[in-house]
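A.B. asks: How does the following fold in three dimensions:
(chains A and B)
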Protein chains: 2
Amino acid sequence: MTGKVESAAEENGDIESSYFSTTAAAQEIKKSDEVHKVPLPQNKRTFRALKHWSGECFFPDDPLHKVKKQKTVTKKMLMVLQYLFPVLIWGSDYSLELLKSDAIAGLTIASLAIPQGISYAKLAYLPPVYGLYSSFVPPLIYLVLGSSRDLAVGSSSIVSAVLGSMLSEEVSPYEQPELYLKLALTATFFAGALQASFGLLRLGFIVEFLSKPTLAGFTGGAAIITVLQQLKGLTGINHFTTKTGFLPVVLSVFRHMSEVGMLEQGLNPPSIDMLLFKSSYLMLIIKTGIVTGILSLTEGIAVGRTFASLKDYQIDGNKEMVAIGIMNIVGSFSSCFITTGSFSRSAVNYNSGSKTAISNLVMASVVLTTMMFLMPLFYYTPNVILAVTIILAVVGLIDFNVPIKLWKVDKIDFIAYLTAFIGVLFISVPIGLAIAVGISVIKILLPVTRPNIAIMGNVLGTQSYRSLGQYRDAKRVPYLLILSIEFPVYFASAVYLQDRILRWVREEEERALMLKENGIKYVVLDMSAVTAIDISGIDALLEIKKALNKRSLQLVLANPIGEVANKLFISEAWEKFGSNNIYMNVAEAVAAITTLIKSQK
Amino acid sequence: MTGKVESAAEENGDIESSYFSTTAAAQEIKKSDEVHKVPLPQNKRTFRALKHWSGECFFPDDPLHKVKKQKTVTKKMLMVLQYLFPVLIWGSDYSLELLKSDAIAGLTIASLAIPQGISYAKLAYLPPVYGLYSSFVPPLIYLVLGSSRDLAVGSSSIVSAVLGSMLSEEVSPYEQPELYLKLALTATFFAGALQASFGLLRLGFIVEFLSKPTLAGFTGGAAIITVLQQLKGLTGINHFTTKTGFLPVVLSVFRHMSEVGMLEQGLNPPSIDMLLFKSSYLMLIIKTGIVTGILSLTEGIAVGRTFASLKDYQIDGNKEMVAIGIMNIVGSFSSCFITTGSFSRSAVNYNSGSKTAISNLVMASVVLTTMMFLMPLFYYTPNVILAVTIILAVVGLIDFNVPIKLWKVDKIDFIAYLTAFIGVLFISVPIGLAIAVGISVIKILLPVTRPNIAIMGNVLGTQSYRSLGQYRDAKRVPYLLILSIEFPVYFASAVYLQDRILRWVREEEERALMLKENGIKYVVLDMSAVTAIDISGIDALLEIKKALNKRSLQLVLANPIGEVANKLFISEAWEKFGSNNIYMNVAEAVAAITTLIKSQK
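C.D. replies: Numbers count the residues shown, from 1 in each chain, chains lettered A, B, ... in the order given. The predicted structure is shown next:
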């Protein structure tokens, strides 16, 4: 093949391809019989490739796999219904035994849900009764649609605090309480619509960009803000502050004083007429809806997964999003503010032995009774007790082991944690989160521009080639420089790779000269970890080959995996390398090259 | 180790760790003597790791490696000087022979530089003489500082067109010519300062985010805009349009008519007093400086690298940035607008046999003579000829093979190309570029959330394990499910990996049941391509282990490479897996597991 290019170059005087003429065709490696050809994967047509890709992207869990297996239409229909309403799966087997466990768990979480609901409504600057409303309708919706058996649904401290702080920055809950309430319900509707559409569009992975360090930092910051805000309960201050910044809150502690209104009796009133869509607050509603919607999804799904993994069943993230979304849409029609699967309540639910989502039904019934008949009792619940309930719940969310572990394992994760923490505490929740997500993304992009390249050697007594830095008993192979590129090769690293590989060659040549060892004749690139490549990356490999050939060095590729092999082939780079210079693994490349070098002596 | 965790779990009743009790300690694999331990890389302290990382990030080419090798201080000093002023390297060996070649090349490019300079000044809506000024001072600066021997310096069609279109959107070059000129010079200064600081801060890789498809799309779009704008020259229209959108330009062709002023005689006048820093146009200047600065760097460095690779020497990207930056700073002090290494001119320079940057000196001398004595000759150069010169130069930049090749090799690269093309043509240069860069980044981030997982089998007659999809003669190993994760594992893919691996297990179990094969007992994760991992990724692996253990399946890791092995160890995940369940490669894992399964029968 090299010969062919050479003559073509001589014919048309093309400058670029004439460089192939310096690579002696005779030097091309003749493969022995034991050497294995590197095959290309089945070539998929554009449509099939797109289908495969969108399947992996949006349906990684193959949600309808059970439906496909059924043979009759009736059974298929039943499976679809079961998919849509998980209650049908566990509902048919429900027994008195299970009910006993669920009833105990339901009563326990109700005893938590009532004071928490009232406290969290206050965090959101809403009348306390809305906390109870939110503990009644949403659990009933989740019962039918949700796939978790352990999630206890209700308002959450962090989401409530964010709702309250974002809305109250523009509208005072004390001066315009009715407008404020309408905004809160509309933001809840918008959050629910967003959550449900995320689920329907199978965009579940968006939530995954909130990494654990970011969430941990956010939780720490939000918890401190919440504690500071509750100081108004402890010190009996009212009209405390609507700001979430550290300084305004601290200053307010030293400034204000007072208490809460009467708790009304009755069932959730319909509130669909309270949603404001054409208001001048639309931007505020959308912003608040996005932030609280994503936060409540993140909390709900994370909690759902935690308990599912403890009981060894799986949660369908996208389905959960639809369930949580519909629950918030319906909630916004029935005087509920944003809810999710609450962490503290679900933990209590699990610990009190709940078996199915029926514990939510029990809780909802207790809350209903309270709303209908026992409300006056809560009239005398002192602010101080509610504040202490919240502070205790929230302080438990701060885990100081997290930053210590992050510092030990990953400094950039630690920085993301710190940024989220400080950003949320001193700037604002959305900005703090945005910066932390930005840092997480930059962390991913860094190795894209600077992939690690490891120099490899033969692990003594094996056919394996591993990094000299990791395996002490790995030894260099004479005449060969074996390099492993440890990241996909994209445009952003193309130039770096050229520079860096040529520098490796230079340094190894200098080393060989100094130690009076044999000089390098072949450079083997182990492509095992190059899981993707683009045009610029392919061009970079060809440039490296050209530069090496000019120094009378040969470039050999080992183990280009499926997609990469395919792209090398389509772009005709495969042909330019010569399929004889592409090996299944480093061991076979080394064996073939060594044989060739010996035969030339 | 499993035994230890088990007893601890029983002691404190910890829910999570009690799951380890289902993994029978007896099942832990006893390694035979041939199995190799996976070692950890040398543990670097924070400071050393940071030093190594910043070295790779900012000094991948080890720029001072020649200085380090020298033994005397004088020699070290000489090397530093040579590093700073590459002219000292090739200048000392300069011969009459070389001068002859350079003189011919210099005369040739001068004959191109004069009409091009005038045309490009017109593209930037500047008086034509500024095109000549810009072909005089910058080449002299580059001669001393530049590391390319083939780069012909001067204004470039694309950069000039962008400068013109961005500035003229806010200030009319016809109504406020003096202000416009001042803005152009100040933007040039700013671009130069930015370029030099990029180089000094070793931030060269920023330019690398403009991928080849993005640049090709941009070039195509910009070329069409330029051609349309030159129609004013062909049709003799003046005050044509200052917009770069497709429609305004086309509409203008049917609307206007006229011609250009007198060409003045003389040397570059100083222009340092023309720089405007406190003006209300500062944002415009900064924006224009950033866009033209990055574009001119990209063109200059890409061209420099192209010819360096043809003559087999290397270009230091960061040093080139400093050279181009200083050349533009000094240029802005001496009536030059933004310059770079021009592609068309450098190609002519190379083809006419230039040997060193002295050809730039020859060109500058010819331009000087022209400016001093021959300027009146150009008074009669008709607009039509200049316009045709530009149109021909620019049309040559459009390569229709690029989109075809991109479509074949990489659909997302094709979309980036198309976006840049359409964005630049119909919206604006910065927005078109920004969207295309965004798409390129998303392309990198996609596999971050959805890494490919390949099912592996033994390639018959070898010790190698490869993807069943790629290698047709690879066969499944009984009792084992071998999966290769083909991307670093970050937070964004942690959840996906759990779902997807459990789905693989489910599908393989169903398959085994259907074909009445042996069920799976072990899942082997080939970590060769997992070149990085973070906390969330480590937690995901532990979750997978837990979920598999609940199904009485064992999880085994093969070939965790340096950094990943290190993080597993620091985070104590190594201990939780049990070092006996971590193998150097899949082959050794398979051998050990197979022996164990046989012994249990």
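A.B. asks: Spatially central, which residue of chain A would that be?
C.D. replies: Nearest to the mean C-alpha position of chain A, by C-alpha atoms, centre = their mean, lies A:Glu208 at 1.8 Å.
A.B. asks: how about the closest residue to it other than its chain neighbours, what does it touch?
C.D. replies: Nearest in space to A:Glu208, with sequence neighbours left out and distances taken as C-beta to C-beta, 6 or more residues apart in numbering or on different chains, is B:Ala492 at 5.0 Å. Yep, even glycine has a C-beta here, placed from its N, CA and C like the rest. If a contact means C-beta atoms under 8 Å, 6 or more residues apart in numbering or on different chains, then B:Ala492 has A:205, A:208-209, A:211, A:440, A:444, B:445, B:448-449 as its contacts.
A.B. asks: TSV for these, including pLDDT, secondary structure and distance to B:Gly192?
C.D. replies: Shown next, in TSV, are these (pLDDT from 0 to 100; DSSP: H, G, I helix; E, B strand; the rest coil; distance: C-beta to C-beta, whole Å):
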residue	pLDDT	secondary structure	distance to B:Gly192
A:Phe205	69	helix	43
A:Glu208	71	helix	43
A:Phe209	73	helix	38
A:Ser211	76	coil	39
A:Ser440	80	helix	34
A:Ile444	78	helix	33
B:Leu445	77	helix	33
B:Val448	77	helix	36
B:Thr449	79	helix	40
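A.B. asks: any idea of the mean pLDDT for stretch A:71-82?
C.D. replies: The average of the pLDDT scores along stretch A:71-82 is 83.
A.B. asks: Repeat that for stretch A:124-141.
C.D. replies: Mean pLDDT, computed over stretch A:124-141, is 91.
A.B. asks: Please work out which residues outside stretch A:106-115 touch it.
C.D. replies: Contacts of stretch A:106-115 from elsewhere in the structure, counted by C-beta under 8 Å, 6+ apart, are A:132, A:135, A:152, A:154, A:344-345, A:348-349, A:352, A:354, A:358-363, A:365-367, A:370, A:378, A:381, A:385-386, A:389.
A.B. asks: list the buried ones in the helix or strand the residue nearest to A:Glu208 falls within?
C.D. replies: In the assignment (DSSP states H and E), B:Ala492 maps to helix B:491-514. Using 16 or more other C-beta atoms under 10 Å in any protein chain shown as the test for burial, helix B:491-514 gives B:491-505, B:508, B:512.
A.B. asks: Any chance of the contacts of B:Ala492 in CSV with distance to A:Asp316 as columns?
C.D. replies: Shown next, in CSV, are the contacts of B:Ala492 (distance: C-beta to C-beta, whole Å):
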residue, distance to A:Asp316
A:Phe205, 13
A:Glu208, 14
A:Phe209, 19
A:Ser211, 22
A:Ser440, 25
A:Ile444, 26
B:Leu445, 23
B:Val448, 22
B:Thr449, 17
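A.B. asks: can you tell me which of the residues you listed lies nearest to B:Thr462?
C.D. replies: Set against B:Thr462, the nearest of those by C-beta to C-beta is B:Val448 (32.0 Å).
A.B. asks: contacting residues for the residue in the stretch 101-250 of chain A that chain B sits nearest to?
C.D. replies: Relative to chain B, the nearest point of the stretch 101-250 of chain A is A:Ser211 (3.4 Å; C-beta to the nearest C-beta). A:Ser211 makes contacts with A:413, A:416, A:436-437, A:440, B:490-492, B:534, B:536, as judged by C-beta under 8 Å, 6+ apart.
A.B. asks: cool, A:Met166 as well?
C.D. replies: Contacts of A:Met166 by C-beta under 8 Å, 6+ apart are A:284, A:287-288, A:291-292, A:429-430.
A.B. asks: Buried residues of the helix or strand hosting A:Phe218, list them for me.
C.D. replies: Assessed by DSSP H and E, A:Phe218 sits inside helix A:212-234. Using 16+ other C-beta under 10 Å as the test for burial, helix A:212-234 gives A:212-233.
A.B. asks: quick revisit: most neighbours among the contacts of A:Met166, which one?
C.D. replies: A:Thr292 (33 neighbours; other C-beta atoms under 10 Å in any protein chain shown).
A.B. asks: just checking, that one touches A:Thr339?
C.D. replies: No: counting by C-beta atoms under 8 Å, A:Thr292 stays clear of A:Thr339, with 10.4 Å between them.
A.B. asks: returning to what we had before: out of the contacts of A:Met166, list just those in helices.
C.D. replies: Using DSSP state H, the subset of these located in helices is A:284, A:287-288, A:291-292, A:429-430.
A.B. asks: what does the stretch 151-300 of chain A put close to chain B?
C.D. replies: A:205, A:208-209, A:211-213 (C-beta under 8 Å from any C-beta of the partner chain).
A.B. asks: hmm, which two among the residues you listed are most spread apart?
C.D. replies: Using C-beta to C-beta, those reach their maximum pairwise distance at A:Phe205 and A:Pro213, which is 17.9 Å.
A.B. asks: Tell me, how many residues neighbour the nearest residue to A:Tyr479 once chain neighbours are set aside?
C.D. replies: Excluding the flanking residues, the one nearest A:Tyr479 by C-beta to C-beta, 6+ apart is A:Lys521, at 4.5 Å. Using other C-beta under 10 Å, A:Lys521 has 17 neighbouring residues.
A.B. asks: next structured bit after the host helix or strand of A:Arg466?
C.D. replies: According to DSSP H and E, A:Arg466 maps onto strand A:465-467. Next helix or strand after strand A:465-467 toward the C-terminus (DSSP H and E): strand A:474-475.
A.B. asks: Tell me which stretches of chain A form strands.
C.D. replies: Taking DSSP state E, the strands of chain A run over residues A:153-154, A:340-341, A:453-459, A:465-467, A:474-475, A:480-485, A:522-526, A:554-558, A:582-583.
A.B. asks: Could you dump these into a markdown table and include distance to A:Leu78?
C.D. replies: Converted to a markdown table, the strands of chain A look like this (distance: least, C-beta to C-beta, whole Å):
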| stretch | distance to A:Leu78 |
| --- | --- |
| strand A:153-154 | 26 |
| strand A:340-341 | 27 |
| strand A:453-459 | 54 |
| strand A:465-467 | 53 |
| strand A:474-475 | 58 |
| strand A:480-485 | 51 |
| strand A:522-526 | 52 |
| strand A:554-558 | 52 |
| strand A:582-583 | 52 |
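A.B. asks: Reformat these as JSON lines; add mean pLDDT, mean neighbour count and distance to A:Ser172.
C.D. replies: Listed next are the strands of chain A as JSON lines, based on pLDDT from 0 to 100; neighbours: other C-beta atoms under 10 Å in any protein chain shown; distance: least, C-beta to C-beta, whole Å:
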{"stretch": "strand A:153-154", "mean pLDDT": "92", "mean neighbour count": "34", "distance to A:Ser172": "26"}
{"stretch": "strand A:340-341", "mean pLDDT": "90", "mean neighbour count": "34", "distance to A:Ser172": "26"}
{"stretch": "strand A:453-459", "mean pLDDT": "89", "mean neighbour count": "21", "distance to A:Ser172": "59"}
{"stretch": "strand A:465-467", "mean pLDDT": "87", "mean neighbour count": "25", "distance to A:Ser172": "62"}
{"stretch": "strand A:474-475", "mean pLDDT": "88", "mean neighbour count": "17", "distance to A:Ser172": "68"}
{"stretch": "strand A:480-485", "mean pLDDT": "92", "mean neighbour count": "24", "distance to A:Ser172": "58"}
{"stretch": "strand A:522-526", "mean pLDDT": "93", "mean neighbour count": "25", "distance to A:Ser172": "64"}
{"stretch": "strand A:554-558", "mean pLDDT": "92", "mean neighbour count": "23", "distance to A:Ser172": "67"}
{"stretch": "strand A:582-583", "mean pLDDT": "90", "mean neighbour count": "24", "distance to A:Ser172": "70"}
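A.B. asks: Filter the contacts of stretch A:106-115 down to the buried ones and hand me the ChimeraX line.
C.D. replies: In ChimeraX syntax, the buried subset of these is picked out as below (16+ other C-beta under 10 Å):
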select /A:132,135,152,154,344,345,348,349,352,354,358,359,360,361,362,363,365,366,367,370,378,381,386,389
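A.B. asks: Thanks again, I'm all set now.
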